[in-house]
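> structure for this input, please:
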Amino acid sequence: MRFCGEHIPSVRPGVEIDILRHPLGVVALITPWNFPLPSPAWKIAPALAYGNTVLFKPADLAPASAWALAEIISRAGLPSGTFNLIMGRGRQVGEALIKHPGVDG
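Modelled structure (predicted):
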């Protein structure tokens, strides 16, 4: 895997700043109902681009757009299990995701 990042100048002489981005592992994304397509896309794309596995739990008030987005992502040819759509009520499913020890971010 190739890590990407930036090298930026510092205000202090002789100091270099490198910003490296690397995968966390399993990332749970819980999104609100009021932007059912933009919010997930803004979160899912960078998470996948940096090599994470994504567990996407949309708001239970907007399941159709989440299902459509999951269908589009599934056609992209990602390895099985890389992107996962999880439906359910926030209190049960969302809480289980944020408390699960296997979720890294």
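> tell me what the lowest-mean-pLDDT helix or strand in the chain is packed against?
Here the helix or strand of the chain ranked lowest by mean pLDDT, DSSP states H and E is strand 4-9, holding a mean of 78. When contacts are defined as 3 or more CB pairs under 8 Å, 6 or more residues apart in numbering; DSSP states H and E, strand 4-9 sits against strand 16-21. (C-beta placed from N, C-alpha, C; glycine too.)
> now do the strand it packs on, average pLDDT.
What strand 16-21 shows for mean pLDDT is 82.
> packing partners for it?
Packed next to strand 16-21, using 3+ CB pairs under 8 Å, 6+ apart, are strand 4-9.
> kindly export the strand it packs on (C-alpha atoms) in CSV.
The C-alpha trace of strand 4-9 is given here as CSV (Å, rounded to 0.1, in the frame of the first residue of the first chain):
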residue,chain,number,x,y,z
CYS,A,4,0.0,9.6,0.5
GLY,A,5,0.6,12.9,2.1
GLU,A,6,2.0,16.4,1.9
HIS,A,7,5.3,18.1,2.6
ILE,A,8,4.6,21.7,3.7
PRO,A,9,7.0,24.5,4.7
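> so Trp67 touches Ser74, yeah?
No - the pair Trp67 / Ser74 is not scored as a contact, 10.4 Å apart, by CB atoms under 8 Å.
> quick one, strands of the chain?
4-9, 16-21, 26-30, 53-57, 83-85 (DSSP state E).
> quick one: which of those strands is nearest Trp42?
strand 26-30 (9.7 Å; CB to CB).
> strands paired with that closest one, and their directions?
When sheet partners are counted by DSSP bridges, strand 26-30 sits next to strand 53-57 (parallel).
> let's see the strand it pairs with as PDB, backbone CA atoms only.
The C-alpha trace of strand 53-57 is given here as PDB (Å, rounded to 0.1, in the frame of the first residue of the first chain):
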ATOM      1  CA  THR A  53     -13.300  -0.800   5.400                       C
ATOM      2  CA  VAL A  54     -16.600   1.100   5.700                       C
ATOM      3  CA  LEU A  55     -19.600   0.300   7.800                       C
ATOM      4  CA  PHE A  56     -22.300   2.800   6.600                       C
ATOM      5  CA  LYS A  57     -25.300   3.300   8.800                       C
END
